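> Below: sequence and its predicted model.
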Amino acid sequence: MLEKLIFEKSSPGRTAYSLPECDVPVEANDTTPLPERFLRKNTAELPEVAEIDVVRHFTRLSQLNFSVDTNFYPLGSCTMKYNPKINEDVSSYEGFVNLHPYQNQEQCQGILQILYEFERTLIGICGMDAFSLQPAAGAHGEFIGMLISRAYNVKEGRRRNKIIIPDSAHGTNPASASMCGFDIVEIKSNSQGLVDIEALKRIIDNDVSALMLTNPNTLGLFEKDILKIAEIVHDVDALLYLDGANMDAMLGIARPGDMGIDMLHLNLHKTFSTPHGGGGPGAGPLGVVKKLIPFLPAPIIIKKDNSYGWQYDFPDSIGRVKPFYGNIGVIIRAYAYLVSVGSEGLGKISESALVNANYLRKRLSDYIEIPYGERCMHEFVASTRKLKANGITTLDIAKRLLDYGFHSPTIYFPLIVEDALMIEPTDTETRETLDEFADALIKILKEAKTNPEILKKAPHNTPVSRLDEVQAARKPDLRWRKELS
Amino acid sequence: MLEKLIFEKSSPGRTAYSLPECDVPVEANDTTPLPERFLRKNTAELPEVAEIDVVRHFTRLSQLNFSVDTNFYPLGSCTMKYNPKINEDVSSYEGFVNLHPYQNQEQCQGILQILYEFERTLIGICGMDAFSLQPAAGAHGEFIGMLISRAYNVKEGRRRNKIIIPDSAHGTNPASASMCGFDIVEIKSNSQGLVDIEALKRIIDNDVSALMLTNPNTLGLFEKDILKIAEIVHDVDALLYLDGANMDAMLGIARPGDMGIDMLHLNLHKTFSTPHGGGGPGAGPLGVVKKLIPFLPAPIIIKKDNSYGWQYDFPDSIGRVKPFYGNIGVIIRAYAYLVSVGSEGLGKISESALVNANYLRKRLSDYIEIPYGERCMHEFVASTRKLKANGITTLDIAKRLLDYGFHSPTIYFPLIVEDALMIEPTDTETRETLDEFADALIKILKEAKTNPEILKKAPHNTPVSRLDEVQAARKPDLRWRKELS
Amino acid sequence: MPVKINYTPNTESDIKLMLKEIGVNSIEDLLVDIPEGLLCKQINIPTGMSEMELKHSLKSLSDKNANLNKYTSYLGAGAYEHFVPSVVDHLSSRGEFYTCYTPYQPEVSQGTLQGIYEFQSMMCELLAMDIVNASMYDGASALAEAAVLAIRHKRKKNVLVSKTVHPEYRGVLSTYLQELDVKLIEIEMEDGITSVSDLESRIDNNTACVLIQTPNFFGCLEETEELVGLTHKNEALFVACVNSMSLGIIKPPGEYDADIAVGDIQALGNYINYGGPHAGFFAVNKEFMRKMPGRLAGATTDTKGRRAFTLTLQTREQHIRRAKATSNICTNQQLLALRTCIYLSTLGKAGMIDIGNLNIHKSHYAMDRLCELDGIEPLLNKPFFNEFAIKISDNCKIEELSRHLFESGIIGGLDLSHFYPDINNAMLLCVTETRSKEDIDELVLAVSNII
Amino acid sequence: MPVKINYTPNTESDIKLMLKEIGVNSIEDLLVDIPEGLLCKQINIPTGMSEMELKHSLKSLSDKNANLNKYTSYLGAGAYEHFVPSVVDHLSSRGEFYTCYTPYQPEVSQGTLQGIYEFQSMMCELLAMDIVNASMYDGASALAEAAVLAIRHKRKKNVLVSKTVHPEYRGVLSTYLQELDVKLIEIEMEDGITSVSDLESRIDNNTACVLIQTPNFFGCLEETEELVGLTHKNEALFVACVNSMSLGIIKPPGEYDADIAVGDIQALGNYINYGGPHAGFFAVNKEFMRKMPGRLAGATTDTKGRRAFTLTLQTREQHIRRAKATSNICTNQQLLALRTCIYLSTLGKAGMIDIGNLNIHKSHYAMDRLCELDGIEPLLNKPFFNEFAIKISDNCKIEELSRHLFESGIIGGLDLSHFYPDINNAMLLCVTETRSKEDIDELVLAVSNII
Ligand SMILES: Cc1ncc(COP(=O)(O)O)c(C=O)c1O
Ligand SMILES: Cc1ncc(COP(=O)(O)O)c(C=O)c1O
């Protein structure tokens, strides 16, 4: 059953709020002491509903969603793993949520200790020399990384204008580099789906500021020539940036720092199990090697004489990237995750991500084309292009999966795979769930031949059926408006 | 989509728990220091699942329920009103949930103060002289009340064996009286649906211990001869017990104590907005007039020299009815409700319950038979008997309502109304919701004539369709069992 | 302004409109059946407040209690501090679970019903019994209802209960039986457990049932096999009241042939809450299925043949059988049973064994260490699960000990003389998985500093 | 035992089975693409723990912070203590909301999508603007992205920002613009607000936009009408950064013709969280719809003609437009926007007015009472919403004042010299609806005792 807009439940004078009495003396008539010209003329048409309306409305809305808590959610590149409930609890302690960023540092030693230890832990896992915990998301980390690559090169006396990015990269990579004024040079993947070393050699020159590499890449493949890539990049004094969104099968297995990576961002809302929140908040800590530390955004967490504090004094810093210190609430969740799984648990995460992805890959490989690789890391990319003959699109497959109670994989990405279906089961799913998903997908692939209509009209069992996206874009309706009577 | 049993998701060796290390010294092999004969032989076949399984399972299960948070729930006699979220929060403070009943009273002054003030508030609302907060539910309160009626009469030197109960009473009334060894004398309702005064006069005698009255009664009618009833009962030195489950339209309007009521129980999980929890926990405080105080179950909350404590010294007490002191967690919610709505809010609750019920009654009265009364208090009872001609049962109507997104009213109760549909909208519903419900019911009543099949096969849009209740009772399947392989 | 909390949504103009539709002029017109003199003008309670004020007010009342997160406690005696996994709170606090009522309409209550069915199943497994109901008010009322069942079933007048059963449970039992024309007889104890010889001397063919608790009030494990043997020889029913947390390790009632098993599930995923709400369970073997109190969910099928769950065997219950019902219970403690169901799903097969062992090891360590101290010795010499009693030398009065412990942030055990006046200066302590070795060592140190 | 936290469900035997199906002998066989030397043996981090230990550990770290429930605080300056109604926590903590991702599959994401659409609508109403996006990282990045939009749209090189804008916001702005070949110019202030004459002297036809904040960093309300007039005369865009909490009362950007409005929604139903996560919003008038950054949800219909919601106008975004996208933002701050949506549904039309008035009255009372004290005077003389600055006589150093206040349980305001070195011994205080008269009187008393 669909749900009205909350505005459509509104009734004049109805209220859901309570407020304490105005206990301070107020001039006659409760009037404001502010001059007229500062005051709003037209009242904002916010909903006028009762508390029971608010509760029913949002409870019902929530039930219209698929989520990790209700469904298998193999959305490739997004690492939709289980979000531990305990981390929601411990991150809500009043000493964390009710703490002001401008309180004296002595008043905040608990949180500062967490941030410090968290940074140390990330250093240990990644083999980098320092982290900034400030980036609000992966793309934010990339942007800051690109600024640092600029600042570093300028400091070294060279202004460089190019960033090399593989064609398989996530869209944020070119977008972030471009926001720093760089020109983007795309490098094609080779037939194995990896960075083409020869092409890289041809492209690289002294105007390259950095190469943004995703490893494992968006095909789920480990860039096995990583050391060679690093060498080529470093030979021209460029930096090697790692998009570290795909670390779920790398924890405790291999460290970017050992591969010649100069900088990377991590997605706490992926690898480190913090909830995706319907699209955030996330956090994208940025790790760097020693020579790049001076350029990090201030402030940086430090420990001195057994107390923790913020260090602001970074003359070469690229500057401020966020008010205050970062998405602390997200970081506490990731911290809780890491200290609780600990050193024994860390490797298990990667192993599970690895085995789950390869198992699902194997279960499907006789039924669907998997253009690249013999094996995979945390995910793999299939292609549905052969179904075109039957008039079936990747979208049809995706929608039909919804009918079986599974969220769809990522579709049409990476761009280098035609009709891509990007499948990431994550480390927290059971063998049984993978089997159920595989069985459903195999069944759908059969349906594609025997009953294509059922796919084209899918989904059938969801709260709404397929949407008119063209209308949405052509005649954008982006808000409710009060109808004038 | 239905949900497997959690047992059916079990897989050997899978776990969802974590426990701290056994940090105390343990003899070799972790063996227990207990002799073999005290130890379990066969391992209990509890589920072996991962945390993600637990979360998905119970999240999905929850979505199969209708509830006040999702649906209008006019279940008569149950007062399914909105359960304020804030009361869930304040009752979960660690000083309440993590407090042991055998802690020294000085360590528990906060909770004791709440209990004391809560009792005072109930006294104010009901016009009684004291309350026991111990009863775990309404029926528990009734049982204790009946024991008190016995003890009181015995103390007065007379052993009495009969309890008079109207035929419209809730089933717990005769059951509770019977558990105290009383004989039940049923009194028929008169043509107005009220206690028949003449019949009462005929029935009453010196062997009557008490009359259990429900007022407003289960037809939602106020027993307008209440003062006469009290007089008749008191004339033979019997007690007048009030089943106070139906107080939602009485708060701040009239006080049982003023009506000659000697004892009553309240349902905190109805009138006082504490959640029903799928069937409890509730609480059924028992109020009494002065002369009955000595018989209350010990202990009783008291205040002395600005400190609060338990008073155990009641030589005439009927004894203990519960370990510890009652359903404290429920009481805190009800306390929070009362102190926050306060004296202004109290009357509004009743007025709203009254207006809502009468409004809905009026909206329906042209479409469905309402056998008793011109108006009602908190609820009213309709009858669908005229639809029998069309082969439609009350159950059919109830099931069809589910299709429209409404929980069904109480059906086939009270027993004195043939094919009863007992409708209680409560005080927390909006006019719009009542209109939507009325429209749906009116539509269904039309369907009953135009398309009876759709009712007989209803519900159609629910997670499961109508159940085979006969099979359930004939071949009871009350538990999962591991299949032997 | 001010805007107090108000959950009645209709505005004055709504109400005007509604009164018009009803056909009356005022709310008073709806109250004409209430005798004039009874209408009250003003209820004498304080004015309301806003949500913010409510939070402050309750917070400050909560802070006036010495809670168990701030103090390290060794109290047990029927209310136990165990760890509650986070998922239990998260899942049981979903509105769909706690704002619905008894699942009278199964088509829209499968969540609650399947939850009950799973609860029943898990409890059956733990207890090794055939049937468990959906819950009772608490362990004590379950025990009392067991006696009622036995009396009715056996049509005999004597109920025997061991003195090692929780005194407040015995109190409730006595209250429940007081008007049923039966005799409640207590069996003496011997070194902390039920005296077999005393039972032998009191049991006879007038005995409807024998009620024991194991681990009993003193924490000691009863010699159930002997007791059951004697009971059954006399054709009485054997009712075992058990600590639900012990059952991963300790022999369950079904394995020693108990006829009825009862107890409390507070320990399994529910907070102490100053003593309530807790919840009881009631388990029987097949034979008593139609005689047991309380709700039962069963599996059946819907019209499309799908498995589905419903309340069943309701003809036992008050809303159908009225005065002849097996019990008057209606609202039970469903939400707590659901919490236990989630708890047991989380702990699972291995977890209930591991946690049982932790309770045993930690409590035995505490007992051993305490009894190494001069002036402390075991009160009893019997195997126990997680509770044990110590005797304190008369130099140090127990209230004094407790007071000093409290000053060091420790809440000591229960003073046994409170319930057993002839047991002097002895303390009943409970040690669960929530106590670390460090905690226990601190307790021992604190005690040694005081006595 | 011990049993540490472990979220990977498959057992060793599952894994064996899966490896067999994959066709390899061991996990190592899956790692052959990783150069040998890169495989690491051991990561040097501590061992794990159980849930119980995790709770203890984090609790004790939390307790090392002086939280705002224990102390009465007057800090604001971009992070505000407001009351969060209980329903906001209850509803936003439903798993279906917080464990899903960006609603790429609208058929199974209507909850999130309708929530975004309603959020957009409510924010449009509050701001009196045409279009608001689904959220930004925070108010500062929203401000910076507004400048980027203006630069691209106007193809001009100068960005003017008032010195009364939050210094950290200006810092972020400067970082975002540093590589875009533009000039960032600061406008001076005069008695706490943007100097109109200075703006006049700096604005010209190279100006892409003028950025101001109102109420500004000092709490003062800017003379927006004059500033907008001047800006538009010079064909630049006017960007207003506003305090979302003020908008029930204070004139919204749409009413003074701002081209872009940005700000933070932490104040509307979100906790301070030591500064994050907060969330920004970005509002424009129709004209800039296709140039704005961030996600947008729109209404459309499904194949059955039912209204439904979907992400739309995605061709602006990085996953489609890549290097040419309007912004690189991908993951935003959705959950906080949902909380704001619930918050605004709860406060509603009347509530946002009432709460605005409470903020105004309480802060003005505090200002008046403080400035009655000898040694305290207003730093500025401008109308304000809920923040104001006071000047403290030089006898009492501000650090000293803060330290003493802390000892009395009060967290004073912000030392302005931290950001404005030439403003000496002045404090910026924020007073919201969460402070009672009693609190404020205590503050005044404490201050009077110290200075
Ligand atoms: C490979 C990759 N890189 C970068 C990002 C961007 O991260 P975020 O969405 O946190 O900005 C994502 C996430 O969508 C990603 O999958
Ligand atoms: C009129 C009436 N009396 C008594 C009861 C019994 O109350 P409880 O279910 O709390 O035992 C009920 C509730 O179902 C009721 O409606």
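That came through, no problem. Ligands and ions are numbered 1, 2, ... in the order given.

> what about the residue of chain A found nearest ligand 1, distance to residue A:273?
Closest residue of chain A to ligand 1, CB to the nearest ligand atom: residue A:138 (2.3 Å). All C-beta spots, glycine's among them, are computed from the backbone N, C-alpha and C. As judged by CB to CB, to the nearest Å, residue A:138 and residue A:273 stand 15 Å apart.

> what residues are up against the residue of chain A closest to ligand 1?
A:172, A:243, A:245, A:265, A:267, A:270, A:282, A:284, D:330, D:331 (CB atoms under 8 Å, 6 or more residues apart in numbering or on different chains).

> quick one: which of these has the most company?
In terms of neighbours by other CB atoms under 10 Å in any protein chain shown, the contacts of residue A:138 top out with residue A:284 at 34 neighbours.

> which residues of chain C fall in helices?
Using DSSP state H, the helices of chain C run over residues C:12-22, C:51-63, C:86-92, C:95-98, C:110-127, C:139-154, C:167-177, C:196-202, C:224-233, C:318-321, C:334-371, C:398-407, C:437-450.

> same question, the stretch 201-350 of chain A
Taking DSSP state H, counting those that start in this stretch, the helices of the stretch 201-350 of chain A run over residues A:226-235, A:328-365.

> which parts of the first one are buried?
By that I understand helix A:226-235. For helix A:226-235, burial by neighbour count (16 or more other CB atoms under 10 Å in any protein chain shown) applies to A:226, A:228, A:229, A:230, A:232, A:233.

> per-residue confidence for the second one?
According to the model's per-residue confidence, residue A:228 sits at a pLDDT of 98.

> Run a quick neighbour tally on the closest residue to it other than its chain neighbours.
Nearest in space to residue A:228, with sequence neighbours left out and distances taken as CB to CB, 6 or more residues apart in numbering or on different chains, is residue A:197 at 5.8 Å. Residue A:197 is flanked by 14 other residues according to other CB under 10 Å.

> again, but for residue A:365
There are 14 residues near residue A:365, going by other CB under 10 Å.

> on that earlier part again, I'd like the buried residues of helix A:226-235 as TSV, with distance to residue A:18 appended.
Formatted as TSV, these follow (distance: CB to CB, whole Å):
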residue	distance to residue A:18
A:226	59
A:228	66
A:229	61
A:230	61
A:232	65
A:233	60
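
> Looking at those, which is nearest chain B?
residue A:226 (32.5 Å; CB to the nearest CB).

> quick one, what contacts that closest one?
A:213, A:215, A:259, A:260, D:35, D:38.

> List the single closest residue to the residue of the stretch 251-400 of chain A found nearest chain C in space, sequence neighbours excluded.
Nearest residue of the stretch 251-400 of chain A to chain C: residue A:336, at 10.8 Å (CB to the nearest CB). Among residues not flanking residue A:336 along the chain, residue A:87 sits closest, at 4.5 Å (CB to CB, 6+ apart).

> Next: residue C:409.
residue C:71 (5.6 Å).

> I'd say the one you found and residue C:412 touch.
No - using CB atoms under 8 Å, residue C:71 makes no contact with residue C:412, being 10.2 Å away.

> any common contacting residues for these two?
residue C:406.

> Deepest-packed of the helices of chain C, please.
Compared across the helices of chain C, helix C:110-127 shows the largest average neighbour count, a mean of 28 (mean count of other CB atoms under 10 Å in any protein chain shown).

> Check which helices and strands it sits against.
helix B:51-63, helix C:95-98, strand C:131-132, strand C:280-284, strand C:297-301, strand C:307-311, helix C:334-371 (3 or more CB pairs under 8 Å, 6 or more residues apart in numbering or on different chains; DSSP states H and E).

> how far off helix C:110-127 does the fourth one point, in degrees?
Looking back up the chat, that one is strand C:280-284. With axes from the mean of the first three to the mean of the last three CA atoms, to 10 degrees applied, the angle from strand C:280-284 to helix C:110-127 works out at 70 degrees.

> any weak-confidence spans in the chain?
Picked chain A for this. A:1, A:28-31, A:484-485 (pLDDT under 70).

> Chain C was what I was after
C:1-2.

> Much appreciated, bye for now.
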